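*Asks:* Need coordinates for the below:
(one chain, ligands or ions: 1)
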Amino acid sequence: MSTLFRNRDYLRLFTAQVSGLFGTGLTTVALGLLAYELAGGAAAAVLGTALTIKMVVYVTVAPIVGAYAHRFPRRAFLTALHLVRGAIVLALPFVDQIWQIYVLIAVLQTASAAYTPTYQVIIPDILPDERDYTRALSATQLAATMETLLSPMLAAAALTVMSFHWLFVGTAIGFGVSAALVLATRIPNATAAPEGSFRERITVGVRIFAATPRLRGLLGLNLVVAAAGSVIMVNTVNYVRDTLGGTQSGVAMLLAANGFGTMIIALALPRVLDRVGARPVMLTGAATLILGLVSGIALSAAAAGDWRWAAAIAVWAIIGSGTAAILTPTGQVLRRSSQPADRPALFAAQFSLSHLAWLLTYPIAGWLTTAAGFTATWVTLAVLAAAGFTVAVRMWPRKDPEEITHLHEVGTIAPTRLGDAVRVDERFFRHTHAYVIDTDHPRWPQPNRLLATAA
Ligand SMILES: [Zn+2]
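*Replies:* Below is the predicted model of the structure:
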C-alpha cells in the first residue's frame, strides 16, 4: 500500500473520493432525521422512495456517464461533480416539502453516480503499474466498506453536540475540500475512448459472474446484505421515534451500534480469513444477518418495556457484524475470480448487481412498513434473506480449490496458451492451473473421466 500512496496525484484523488463517500454517508443519516421531521410516521416511505431513486439513478446513470466520460475535460468534470453535491447538500436544510427531498436526492445521486465510472477510468492513467492499479481497486473497495461502518458513528458523535441541520453544513464543507483536492491533481485528459464501453464491460463482468460458482453464491449474499441493511437504513428512524419513543440521539445510537458491530468484525476478520478462507466467513455472516432479522421480528411483536432498548442495540449490532463478514472479503473473492485485465469489468458488475438487490429491498422496507407495519415487512425481508442464503450455500461449493485440473479440446485454444498441458487422447489436452473465467476458459470445468488419471 505504501508505494501506492507515495503517488501524490493518486493520494489526492483517493482522499477526495473518501471525503466524498463520507459526505454521502453523513447526508444519509441527516436525511433520515429530515424525513422524520417532515413526514413523521410515514418517514419510512419517504426514505424508501429516496433510496430507491438513488438506486435507479445508480443503475441507469452510471453506464451512460461511463460511455461519455472520456469526452469531458476530466479534472473540471470531477471538480464540478463535487461542487454540485456540496451545493445540493447545503440546500437540504431549507427543504420543507417532501417532493423537494426527492428532487435534491435525484440530482445529488446523479452526481455521485457520474463520479464513480469517471474515477475508475482515470485511475489506470495515473497508475500505469498493474499491481498499483489492483491495490487501488482494493483500496476503493475498503474505503466504501469503512464508509458504511464509520459514517453512522461519526454522525452519532456529531449529533450529541449539534442539530442534524449542521451535519449537512459539515458535509458540504467536505465536498468543497474534495473539489479543491481534485483541482490540485494532475489528471491527463483521455486521448481515446476507453477500451470497451461501460455497457460492454458490464457484460463481460456479468458473464464471469454467471459462469463462476462462487460468484453465483456472492449474488445470493448481495441479497442477504441488502435485505438486512434496508432495515437499518430505512426503518431505524421510525422504530426509535415511534415504537421506542426515543429522540434523534436514540436514532444515532442504534446506527452507531450497527457501525460498532461492523467495525469489530472488520478488524478481527483478516486473520480469520487467512485461516479458513472466504466461504465459511461469508456464509456465517449471512446466517448472522438472518438471525438479526428474526430477532428483529420477535422484538417488533414484543410488548412495550425498557428492555427493548437493550435488545434493539443488540439486534442492530448483530446486523452490523453480519454485514462486515460479507462485505470485507468481497474484494478478495472478486480478485480471485478474474484475470487482472477483467478486474475492472468484474468490480463494475458487482457494483451494478449489488445495487439491483438494494433496488428490490429499499421499496419493500419503505412502503410495506408504512402500509403493514414492522413485523410484516421484516418477515418479508427475512424470507428474501433466507432465499439469498440458500442460493449462496447451494451455488458456492464447499470444496473450492484455487487450482483446477481441466481439459482443453484440441483446436479451441492457441497452442502457445497450453503451457505444460499433456495430450490425453486424440481430442483433449489436460493441465492444472489457477482457474478463472476468461477467453480461453469460458465455462467452469465439469468433472470428467479423463481427469481420473490426472497425477
Ligand atoms: Zn487451462
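*Asks:* Pull the contacting residues for Pro188.
*Replies:* Residues near Pro188 by C-beta atoms under 8 Å, 6 or more residues apart in numbering: Asp125, Ile126. (C-beta placed from N, C-alpha, C; glycine too.)
*Asks:* again, only this time at 10 Å
*Replies:* Taking C-beta atoms under 10 Å, 6 or more residues apart in numbering as the contact definition, Pro188 lies against Asp9, Arg74, Arg75, Ile122, Asp125, Ile126.
*Asks:* where along this structure do the strands fall?
*Replies:* With DSSP state E applied, the chain shows strands at 403-409, 422-423, 428-434, listed in chain order.
*Asks:* could you redo these as CSV and give each row distance to Ser337?
*Replies:* Conversion of the strands of the chain to CSV gives the following (distance: least, C-beta to C-beta, whole Å):
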stretch, distance to Ser337
strand 403-409, 12
strand 422-423, 26
strand 428-434, 10
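*Asks:* quick revisit: so which of the contacts of Pro188 is the most crowded?
*Replies:* Ile122 (25 neighbours; other C-beta atoms under 10 Å).
*Asks:* Make sure that residue is actually in contact with Arg75.
*Replies:* Yes. When contacts are counted by C-beta atoms under 10 Å, Ile122 is listed as touching Arg75 (8.9 Å).
*Asks:* between the two, what contacts are shared?
*Replies:* Shared contacts of Ile122 and Arg75 (C-beta under 10 Å, 6+ apart): Leu13, Val182, Thr185, Ile187, Pro188, Asn189.
*Asks:* Let's see if you can find the most crowded of those.
*Replies:* Neighbour counts for the shared contacts of Ile122 and Arg75, by other C-beta under 10 Å, peak at Val182, which reaches 28 neighbours.
*Asks:* give the contact list for that residue.
*Replies:* Per C-beta under 10 Å, 6+ apart, neighbours of Val182: 12-13, 15-17, 20, 74-83, 115, 119, 122.
*Asks:* let's see 7 Å
*Replies:* Contacts for Val182 were tallied using C-beta atoms under 7 Å, 6 or more residues apart in numbering; they are Leu13, Ala16, Arg75, Leu78, Thr79, His82.
*Asks:* Likewise for Gln120?
*Replies:* Pro344.
*Asks:* Could you rerun that using 8 Å?
*Replies:* Gln120 touches Pro344, Phe347, Ala348, counting by C-beta under 8 Å, 6+ apart.
*Asks:* I'd guessed the second one sits against Leu334; true?
*Replies:* To tie it back to what came earlier, the one meant is Phe347. Yes. Counting by C-beta atoms under 8 Å, Phe347 touches Leu334, with 6.1 Å between them.
*Asks:* which residues do those two both contact?
*Replies:* The contact sets of Phe347 and Leu334 do not overlap (C-beta under 8 Å, 6+ apart).
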